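J.: coordinates only, sequence not included:
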């Protein structure tokens, strides 16, 4: 974010800020934070709140935590691929 928003110790003018990259970076930050909290919740559930071996809890692949973790992974991949595709179209079409 510092590279996208600051230049020489001060904010860049709005005309120089790449808004697509700022939005993509914030989206990836939010999704990564959600993924991290889901992993923490799953570990707490498996090791602290579950009445049995933790491996049994981790083997429940249809639980809501595992489904959401896969969803956050897919969302991160989608945003990353979108960055690559938008960069390709900017270079290919000449300045969008």
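T.: Yes, it's here. Since the structure is predicted, the reported quantities are computational estimates derived from the model, not experimental observations. Numbers count the residues shown, from 1 in each chain.
J.: average pLDDT for the longest helix along the chain?
T.: Longest helix in the chain by number of residues (criterion: DSSP state H): helix 64-93. Over the span of helix 64-93, the pLDDT mean works out to 84.
J.: for it, packing partners?
T.: Applying 3 or more C-beta pairs under 8 Å, 6 or more residues apart in numbering; DSSP states H and E, one finds that helix 64-93 contacts helix 19-44. Using the backbone N, CA and C atoms, a C-beta is placed for each residue, glycine as well.
J.: what packs against the helix it packs on?
T.: helix 2-5, helix 64-93.
J.: tell me the buried residues in the first one?
T.: Which is helix 2-5. Buried residues in helix 2-5, counted by 16 or more other C-beta atoms under 10 Å: residue 4.
J.: reformat the helices and strands packed on helix 19-44 as CSV; add distance to residue 28.
T.: As requested, the helices and strands packed on helix 19-44 are exported to CSV (distance: least, C-beta to C-beta, whole Å):
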stretch, distance to residue 28
helix 2-5, 12
helix 64-93, 5
